[in-house]
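**Student:** Build the 3D model from these lines:
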Amino acid sequence: MAEHLHARVTAQLKLALLGDCGCPQTLDRVESEARSAGLTGAEIDAALGGRSFEARTAASVAFACALKAGEATLQEQMRARALQLGVTEQELCAIAREAQQILAWIRR
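**Tutor:** This is a model prediction of the structure:
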């Protein structure tokens with residue numbers, strides 16, 4: 001995954017997973033990071049809603065959101081969808097690790 005793309009995907013994961021945190025400072029910081037990664041306002045708004053305009057990223061974000069929800073059936077459905085769209089097992093493992101790090105940060 002190209003570094004620029006990785007930064008964009010990571011920013012979208014953070015927005016999707018932290019969008020409901022209720023902390024204005026956290027949201028400002030994450031939105032600023034997203035802009036620095038090249039996301040547009042519309043992309044930021046979509047990510048805050050757990051969506052993306054790019055199919056593989058949308059599947060990745062949906063998988064991360066399913067992990068956050070803790071619902072095993074939903075996680076498997078989103079994993080299968082991501083695999084169908086070309087996200088690799090290796091990428092899904094990386095997304096799961098990134099999601100765990102993001103979620104661990106908000107639990108502090």
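
**Student:** The closest residue to residue 96 other than its chain neighbours: neighbour count?
**Tutor:** Nearest non-adjacent residue to residue 96, counting by Cβ to Cβ, 6 or more residues apart in numbering: residue 67, 6.1 Å away. Bear in mind the C-beta positions are built from the backbone N, C-alpha and C, glycine included. Using other Cβ atoms under 10 Å, residue 67 is surrounded by 20 other residues.

**Student:** Tell me if I'm right that residue 67 and residue 99 touch.
**Tutor:** Yes - because the distance of 5.0 Å satisfies Cβ atoms under 8 Å, residue 67 is recorded as touching residue 99.

**Student:** can you give me the helices for the protein?
**Tutor:** 3-18, 24-36, 41-48, 55-69, 72-84, 89-107 (DSSP state H).

**Student:** how about the ones you listed in JSON lines, adding mean pLDDT?
**Tutor:** Putting the helices of the chain into JSON lines (pLDDT from 0 to 100) gives the following:
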{"stretch": "helix 3-18", "mean pLDDT": "88"}
{"stretch": "helix 24-36", "mean pLDDT": "95"}
{"stretch": "helix 41-48", "mean pLDDT": "98"}
{"stretch": "helix 55-69", "mean pLDDT": "97"}
{"stretch": "helix 72-84", "mean pLDDT": "98"}
{"stretch": "helix 89-107", "mean pLDDT": "91"}
